[in-house]
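Visitor: Let me see the structure of the following:
(one chain, ligands or ions: 2)
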Amino acid sequence: MSSNSPSPAITSIFRDASQKARNLVQRLVAQGGESLDWVDELRQLQFGYLDESSQKGDRECRAGCSGCCLSAQVDVTGIEAIAVSDYLRTCVDALTLNQIKSRLQRVTKRRIEQIQGVTRQRPLACSMLGEDGRCMVYPVRPIICSGVFSTRRDACLDAEQMAQAGDFSSTIPLDNDAIQATGGISGTLQRILVENDLDGNLYEFNSAVLTALPLKNALNRFLAGEDLFRDAICTDAHSPPRKRAVRKPHFLKSQAVRRA
Ligand code: SF4
Ligand code: SF4
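Guide: Ligands and ions are numbered 1, 2, ... in the order given. Below you'll find the predicted structure:
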């Protein structure tokens, strides 16, 4: 999915959302608490902007419309994956949870095969998509899922068909105010985590939830700096613990030895 070029007004929405998210996330990092509260508070902030969007009336997204959940890859922070796994453990019955686990394993395996080039790139349906076309983790869905609105449903259908045929080049017109606010909040969440020496990288959603599900006290361990997502698919390794420090070139090491 892609959006139109940002206008000055939209840039101010991005900046404003980033600033408000900074204060909020800094407070959340300091207080710890529950992962579901984190997502709740971030969502409250996001909803304020979504409500005020100048393109609110142009959105064509409806409950049960799920083309995006069938074809788009969703990337999340560890915090969002932990919130979804906490929600699954506490709010979903055992049978459904087992079905979701099997789907998480299947989707993750296929995604890895695609990354390794063993199989061709094809859209993979999100493991959280219910048979009725609705999200099964709706109250804690990733920030990006609650901030992307198409203004042309027909463009979504075209994009979905093209993706099924292996062509991911199509673009979908989006509610730009919503996407700017969402980008500001999501980007700031990553940035504040990194500034606090925590894992602010992005992970493929299914693999990250699969990784977080068996973990006890995941949020506390995450905030204590434990590397919980080493087995998940990292889609944007921009900082530690995924991005390792670049090794010193060999000749610099030799100079150091000579000086000694
Ligand atoms: S983004 Fe497109 S496919 Fe997804 S809910 Fe909106 S209109 Fe439907
Ligand atoms: S988490 Fe929910 S809203 Fe997001 S892609 Fe999956 S099914 Fe769709």
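
Visitor: Look at Thr235 and tell me its secondary structure.
Guide: At Thr235 the chain is in strand, as set by DSSP: H, G, I helix; E, B strand; the rest coil.

Visitor: if I pick it, what's in contact with it?
Guide: Gln73, Asp75, Leu202, Tyr203, Glu204 (Cβ atoms under 8 Å, 6 or more residues apart in numbering). Using the backbone N, CA and C atoms, a C-beta is placed for each residue, glycine as well.

Visitor: Kindly report the same for Asp175.
Guide: Neighbours of Asp175 in contact, by Cβ under 8 Å, 6+ apart: Ser53, Gln55, Lys56, Asp58, Arg59, Val148, Phe149, Ser150, Thr151.

Visitor: can I get these in CSV with neighbour count and distance to Arg89?
Guide: As requested, these are exported to CSV (neighbours: other Cβ atoms under 10 Å; distance: Cβ to Cβ, whole Å):
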residue, neighbour count, distance to Arg89
Ser53, 21, 34
Gln55, 15, 37
Lys56, 13, 34
Asp58, 14, 38
Arg59, 18, 32
Val148, 20, 27
Phe149, 23, 30
Ser150, 22, 32
Thr151, 18, 36
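
Visitor: any chance of those residues in a markdown table, plus secondary structure, distance to Val118 and pLDDT?
Guide: Below are the contacts of Asp175 laid out as a markdown table (DSSP: H, G, I helix; E, B strand; the rest coil; distance: Cβ to Cβ, whole Å; pLDDT from 0 to 100):
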| residue | secondary structure | distance to Val118 | pLDDT |
| --- | --- | --- | --- |
| Ser53 | coil | 41 | 96 |
| Gln55 | coil | 41 | 96 |
| Lys56 | helix | 43 | 97 |
| Asp58 | helix | 41 | 97 |
| Arg59 | coil | 38 | 98 |
| Val148 | coil | 30 | 96 |
| Phe149 | coil | 35 | 97 |
| Ser150 | strand | 32 | 97 |
| Thr151 | coil | 37 | 97 |
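
Visitor: got TSV for the residues you listed, with distance to Met136 too?
Guide: Listed next are the contacts of Asp175 as TSV, based on distance: Cβ to Cβ, whole Å:
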residue	distance to Met136
Ser53	26
Gln55	28
Lys56	26
Asp58	28
Arg59	22
Val148	18
Phe149	20
Ser150	21
Thr151	26
